[in-house]
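A.B. asks: sequence first, predicted model second:
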Amino acid sequence: MQHFKTQSLIPQEAVRLCALGLLTERDIPFGELAVEVRRFVSRILGPSLDILGTSIESLRYRGLVEVTGPPAAPGQSLTPETRLRIAAAGRDEFHDLMTSRVRAPMTDLSRLITALKLRFLPALSPDEQRIELRHLQAASEEYLAQLRDLRAEHGADERGGLLGAWLGLDIAQAEERVAWYRDRIARP
């Protein structure tokens, strides 16, 4: 039975989704995994110690990954060369994170989560992919409704000035995003 979180993912869960998603594609050295996660997250959020300070090494302690190559010496943490693979518990966690809701408004964090979901969508079954695309479409429609409401209240006439014009840009982009999701959902 599929379930959904009632809240959007928190930053640490977004980092975990990124790391586990990369590990669904291939076994990877710890150092390379850390660099790829940092690179992806930073391109959307910018450098952030709050987000990137989350230890990827904690995946091992939680039983989400397994060491496939020589581990670090006893009492040491993982070395950059230590190869990791996703564990069964990691696959379950990945699935839970992939099927969590994305909520409006479109904050930088929700944009990161959306990008991660789209990046790793092929790891889900075709039916689950369509469901996730519908959820992303719904979040975009909710955000579009919020923008339209804001424009109606503060920027629909001459008094809206630059705010009205700026909201118009965001509304046009949100409308394009909704249409893009509809097109992807309609594809076989």
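C.D. replies: Structure's in. What do you need?
A.B. asks: now A123, nearest residue through space, not along the chain?
C.D. replies: T24 (4.9 Å; Cβ to Cβ, 6 or more residues apart in numbering). (Each C-beta comes from the backbone N, C-alpha and C, glycine too.)
A.B. asks: and this protein, split by domain according to the record?
C.D. replies: In terms of domains, the chain is parsed into 1-123, 125-188 (source: automatic domain parsing).
A.B. asks: burial of Q146, as a residue count?
C.D. replies: 15 (other Cβ atoms under 10 Å).
A.B. asks: how far away from the center of its chain is the host helix or strand of L20?
C.D. replies: Take DSSP states H and E as the rule and L20 turns out to sit in helix 11-25. Taking the mean of its C-alpha atoms, helix 11-25 sits 8 Å from the chain's own mean (Cα atoms, centre = their mean, to the nearest Å).
A.B. asks: could you dump it to PDB, C-alpha only?
C.D. replies: The C-alpha trace of helix 11-25 is given here as PDB (Å, rounded to 0.1, in the frame of the first residue of the first chain):
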ATOM      1  CA  PRO A  11      16.900  19.400   3.900                       C
ATOM      2  CA  GLN A  12      18.600  16.400   5.300                       C
ATOM      3  CA  GLU A  13      16.000  14.100   3.600                       C
ATOM      4  CA  ALA A  14      16.700  15.900   0.300                       C
ATOM      5  CA  VAL A  15      20.400  15.100   0.700                       C
ATOM      6  CA  ARG A  16      19.600  11.500   1.500                       C
ATOM      7  CA  LEU A  17      17.400  11.300  -1.500                       C
ATOM      8  CA  CYS A  18      20.200  12.600  -3.700                       C
ATOM      9  CA  ALA A  19      22.800  10.100  -2.300                       C
ATOM     10  CA  LEU A  20      20.500   7.100  -2.400                       C
ATOM     11  CA  GLY A  21      19.300   8.000  -5.900                       C
ATOM     12  CA  LEU A  22      22.900   8.000  -7.100                       C
ATOM     13  CA  LEU A  23      23.500   4.700  -5.400                       C
ATOM     14  CA  THR A  24      20.500   3.200  -7.100                       C
ATOM     15  CA  GLU A  25      22.300   3.800 -10.400                       C
END
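A.B. asks: who does it touch, helix- and strand-wise?
C.D. replies: Contacts defined by 3 or more Cβ pairs under 8 Å, 6 or more residues apart in numbering; DSSP states H and E place helix 11-25 against helix 30-45, helix 49-52, helix 58-61, strand 83-86, helix 88-98, helix 108-120.
A.B. asks: how about TSV for those, with mean neighbour count added?
C.D. replies: Output for the helices and strands packed on helix 11-25, formatted as TSV (neighbours: other Cβ atoms under 10 Å):
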stretch	mean neighbour count
helix 30-45	17
helix 49-52	14
helix 58-61	17
strand 83-86	21
helix 88-98	17
helix 108-120	19
